[in-house]
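Q: Would you be able to build a 3D model of this:
(chains A, B and C)
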Amino acid sequence: MPELPEVYTITNDLLKNVLGYTIRGCNITKGYIALPTNDTFTNTVINQQIVDVKRVAKNILIHLSNKSIIHFHLAMTGQILLKETDSFAFKNWLRVLLNIEKNSYTKFLAFNDMRMFGKIAIISEAQLKTLYEKYGPEPIDENLNVERLWQKLTSKRTTIKNALLDQELVAGLGNIYATDSLFLAGIHPELNTKTLTLEQTNKLVAAARQVLNEGIDHRGSTLADKMYVDIFGKAGFHQDHFKIYTKEFCPNCSSKVEFKKINGRGTYFCPKCQPLEVQVSMF
DNA sequence: ATGTTTGTTCCGAT
DNA sequence: CATCGGAACAAACA
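A: Numbering: from 1, shown residues only, chains lettered A, B, ... in the order given. Predicted coordinates for the structure are as follows:
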């Protein structure tokens, strides 16, 4: 489930809580595959110190002292949990359990993934470079070049909603934050990217930046299924601040919110505040 | 039982 | 040939 704010929260908390720890044990649940292979994964991480934790788009990267990197992608249902004891970890959906130690103090770092769309992999510095290169700019980056993004958007033939989910175009938005960004920018999710104006793109980037930053401030969104929790197992609270996602009535004009599947993803929008046709003045 | 679900990738179609 | 849309990946829940 995690989108940028959730991954951001996890990455920041990991940085504060596992830096300097050395991986002393690695246990992969029977039947699960850590990439490239379980043996390679285990042999590469064992006895390595955690020297940095970074994030790119929705990926979490744990840098090790031997220059290799643990690459996590949580996809829909991945979780990373940090605990003082390992008793918790043997409940639901545990895939990989790392035993980490610093000054004889031990913690457990678990990778859970119910649906197994996520991944945990050991990658090289060269592979990491490739990973970074594949993503478009993030809206929370103040240096994002709006005009360049606009040019790329207008060169595509799809809906703006679909384009916002294309991580190679712009990174970090998922279904929830893309939906709320479009509402905040007053843009219909089915607007053809070809017809998007530079002014609309400016509004959209500003909206996405606001929505993502609010999500970060609220430590992410936890839906009813509780699939997203932080590394301490605590829920986020941005779900209490959604703009239009899951809403029945528009917070702006109180008209009925429309729900529609766009490219297979549930999309909420207000037909009145997010008109498809540009409002033309009568005079 | 059928239809949902926060993400990404692959394959057939355009 | 590049690009797009839908299916698939797998599991739980209503």
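Q: Distance-wise, check A:Asn192 relative to A:Arg157.
A: A:Asn192 is 7 Å from A:Arg157, where distance means Cβ to Cβ, to the nearest Å. For every residue, glycine as well, the C-beta is placed using N, CA and C.
Q: The two: who's more crowded?
A: More crowded of A:Asn192 and A:Arg157, by other Cβ atoms under 10 Å: A:Asn192, with 15 against 9.
Q: Quick check: phi and psi on that one?
A: Dihedral pair for A:Asn192: phi -70, psi 130, per degrees, to the nearest 10.
Q: Please settle this for me: is A:Gln127 part of a strand?
A: No. Secondary structure of A:Gln127 (DSSP: H, G, I helix; E, B strand; the rest coil): helix, not part of a strand.
Q: Contacts (any at all) between DNA strand B and stretch A:11-25?
A: No. Remark: stretch A:11-25 sits outside contact range of DNA strand B, by Cβ under 7 Å from any atom of the strand, the gap being at least 13.9 Å.
Q: That stretch: how far from the chain's middle?
A: Here stretch A:11-25 is found 20 Å from its chain centre; the criterion is Cα atoms, centre = their mean, to the nearest Å.
Q: Kindly report the same for stretch A:66-83.
A: Offset of stretch A:66-83 from its chain centre (Cα atoms, centre = their mean): 12 Å.
Q: I'd like to know which elements the top helix by length along chain A is packed against.
A: Of all segments of type helix in chain A, defined using DSSP state H, the longest is helix A:198-217. Applying 3 or more Cβ pairs under 8 Å, 6 or more residues apart in numbering; DSSP states H and E, we find helix A:198-217 packed against helix A:4-18, helix A:146-154, helix A:160-164, helix A:175-185.
Q: wait, does the third one contact DNA strand B?
A: No. With Cβ under 7 Å from any atom of the strand as the threshold, helix A:160-164 lies outside contact range of DNA strand B, at a closest distance of 9.9 Å.
Q: Same check on stretch A:177-195?
A: No. Stretch A:177-195 lies out of reach of DNA strand B by Cβ under 7 Å from any atom of the strand, never closer than 7.5 Å.
Q: What is the end-to-end distance of that stretch?
A: End-to-end distance for stretch A:177-195: 22 Å, by Cα to Cα, to the nearest Å.
Q: average pLDDT across that stretch?
A: Computed over stretch A:177-195, the mean pLDDT rounds to 96.
Q: just how off-centre is that stretch within its chain?
A: Centroid separation for stretch A:177-195 versus its chain: 19 Å, with Cα atoms, centre = their mean.
Q: With stretch A:107-114 instead?
A: Distance of stretch A:107-114 from the chain centroid (Cα atoms, centre = their mean) equals 17 Å.
Q: what does stretch A:105-116 give?
A: Centroid displacement of stretch A:105-116 relative to its chain, using Cα atoms, centre = their mean, is 18 Å.
Q: For it, which outside residues touch it?
A: A:17-18, A:21, A:24, A:32, A:72, A:74-86, A:88-89, A:92-101, A:118, A:120, A:227 (Cβ atoms under 8 Å, 6 or more residues apart in numbering).
Q: Now with 7 Å, please.
A: Residues outside stretch A:105-116 that contact it (Cβ atoms under 7 Å, 6 or more residues apart in numbering) are A:18, A:21, A:72, A:76-86, A:89, A:92-100, A:120.
Q: What subset of those is buried?
A: By neighbour count, with 16 or more other Cβ atoms under 10 Å, those hold A:18, A:21, A:72, A:77-83, A:86, A:89, A:93-100, A:120 as buried.
Q: Mind checking which of those residues land in helices?
A: Cross-referencing the buried ones among the contacts of stretch A:105-116 against helices under DSSP H gives A:Val18.
Q: A:Gly118 touches A:Gln79, doesn't it?
A: No. Counting by Cβ atoms under 7 Å, A:Gly118 does not reach A:Gln79; the two are 8.8 Å apart.
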